[in-house]
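Novice: Structure for the following, please:
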Amino acid sequence: MSSLDEAINQLLSIEGATGAAIVDYASGMALAQGGNPSFDLGIAAAGNANVVRAKLSTMSELGIADEIDDILITLSSQYHLINVLNSQGSSGLFIYLVLNRTSANLALARHKLKVVAVQIAV
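Specialist: Below you'll find the model as predicted:
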């Protein structure tokens with residue numbers, strides 16, 4: 001089990017990572033965050049909690065009983081990865097990872113993100 005600060009440090013060590021947060025999607029509050037993505041990470045985390053809640057609500061309305069693994073938002077200069085944590089010790093949380101699109105390898109970043117995600121427990 002990894003502390004939230006250790007998890008943030010591991011996420012920021014991913015090549016191309018400029019910001020990372022671990023967020024409670026019910027409240028939108030970032031429990032831990034780090035990096036400098038050139039925007040307010042706390043506001044972005046809260047906004048992305050809305051994205052997660054909207055997707056979960058839509059899935060419920062459609063009768064989809066599956067779990068969200070990742071949500072990927074691609075911008076012209078960045079990737080925004082949202083990884084919803086579904087384990088017993090981290091239910092209700094997601095990881096928000098901001099990557100520089102030029103320097104990041106998306107496939108490798110997703111792989112490393114999953115390795116960190118399974119270690120998180122609150």
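Novice: Look up how far Thr74 lies from the residue nearest to Leu85 when sequence neighbours are not counted.
Specialist: Once flanking residues are discounted, Leu85 sits nearest to Leu93: 4.6 Å by CB to CB, 6 or more residues apart in numbering. For every residue, glycine as well, the C-beta is placed using N, CA and C. To Thr74, Leu93 is 23 Å away according to CB to CB, to the nearest Å.
Novice: what do you get for Asn83?
Specialist: 15 Å.
Novice: do Ile120 as well
Specialist: Counting by CB to CB - Ile120 and Thr74 are separated by 24 Å.
Novice: and for stretch 61-73, what are the contacting residues?
Specialist: Residues from elsewhere that reach stretch 61-73 (CB atoms under 8 Å, 6 or more residues apart in numbering): 51-52, 55-56, 59, 79-84, 86, 106, 110.
Novice: nope, stretch 95-108 is what I was after
Specialist: 7, 11, 14-23, 30, 35, 37, 41, 44-45, 48, 72, 74-83, 85, 109, 113, 116-117, 120.
Novice: Distance from the longest helix that the chain contains to the middle of the chain?
Specialist: Longest helix in the chain, counting residues (DSSP state H): helix 41-62. Relative to its parent chain, helix 41-62 has a centroid offset of 11 Å by CA atoms, centre = their mean, to the nearest Å.
Novice: what does stretch 102-110 give?
Specialist: Worked out by CA atoms, centre = their mean, stretch 102-110 lies 14 Å from the chain centre.
Novice: again, but for stretch 22-32
Specialist: 10 Å.
Novice: now do stretch 88-98
Specialist: Per CA atoms, centre = their mean, the centroid offset for stretch 88-98 relative to its chain is 6 Å.
Novice: Check the separation of the first and last residues in it.
Specialist: 25 Å (CA to CA, to the nearest Å).
Novice: Now do the buried residues in that stretch.
Specialist: Ser90, Leu93, Phe94, Ile95, Tyr96, Leu97, Val98 (16 or more other CB atoms under 10 Å).
Novice: Fine by me, we can end here.
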